[in-house]
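# here is the input, now give the coordinates:
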Amino acid sequence: MKLKYVITRDEQSNTLKIQEFAKLEKEMKRWELSGRTQDDYTLLYEESFDDKTVKNAIKDGREALISAIRTSCFYPASEHAAGIAESLTSLFGKKKTGLFFELNFDDNEKYKEKLPPVEDHSLTKQQGTPPPSD
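Sure thing, here's the model as predicted:
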């Protein structure tokens, strides 16, 4: 699955917003969410955090930051959470790098390499006489 995380910091309201988008297959997309799409990506979830919470977690280290951004509804995979944490550290760092980050992940390629080839288990036509019917 292709995922995109959009991280936006609003300095006026002292809030941070993380949006999680996914590029869904046409067969999986059973409904249209008007206004909830971005370049063929569908918004899955959005979480907001107070700047103070994020800054304190950054001081306590990467694992504390990852724990702080994970919630019961927003729980990115470890690789994704690490990328988000790195971006947040830059976003709140001494050198301001901007107020916006976009992270893209393509798990299709990652898992394609790890999966064994699929064997064909389709039914084959057998020759012989059919079983007697009652």
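# got the buried residues for the helix or strand containing N104?
Secondary structure here is read from DSSP states H and E; on that basis N104 sits in strand 100-106. The neighbour-count check on strand 100-106 (16 or more other CB atoms under 10 Å) flags 101, 103, 105 as buried. Bear in mind the C-beta positions are built from the backbone N, C-alpha and C, glycine included.
# ranges for the helices of this protein?
51-59, 62-69, 78-91, 107-114 (DSSP state H).
# so for V6, which of these sits nearest?
helix 78-91 (10.4 Å; CB to CB).
# poorly predicted segments of the chain, please.
Within the chain, the stretches falling below the threshold (pLDDT under 70) are 25-39, 94-98, 109-134.
# OK, contacts around the residue nearest to R9 when sequence neighbours are not counted?
Distance criterion CB to CB, 6 or more residues apart in numbering; nearest residue to R9, sequence neighbours excluded, is L99 at 4.6 Å. With contact set as CB atoms under 8 Å, 6 or more residues apart in numbering, L99 has these partners: 8-11, 91.
# check A64 too.
Going by CB under 8 Å, 6+ apart, the list of residues near A64 reads A57.
# now it: how far from I7?
Distance of A64 to I7, given as CB to CB, to the nearest Å: 18 Å.
# do F105 as well
Separation of F105 from I7 (CB to CB): 13 Å.
# E20 too?
Separation of E20 from I7 (CB to CB) stands at 10 Å.
# do I84 as well
The spacing between I84 and I7, counted by CB to CB, is 7 Å.
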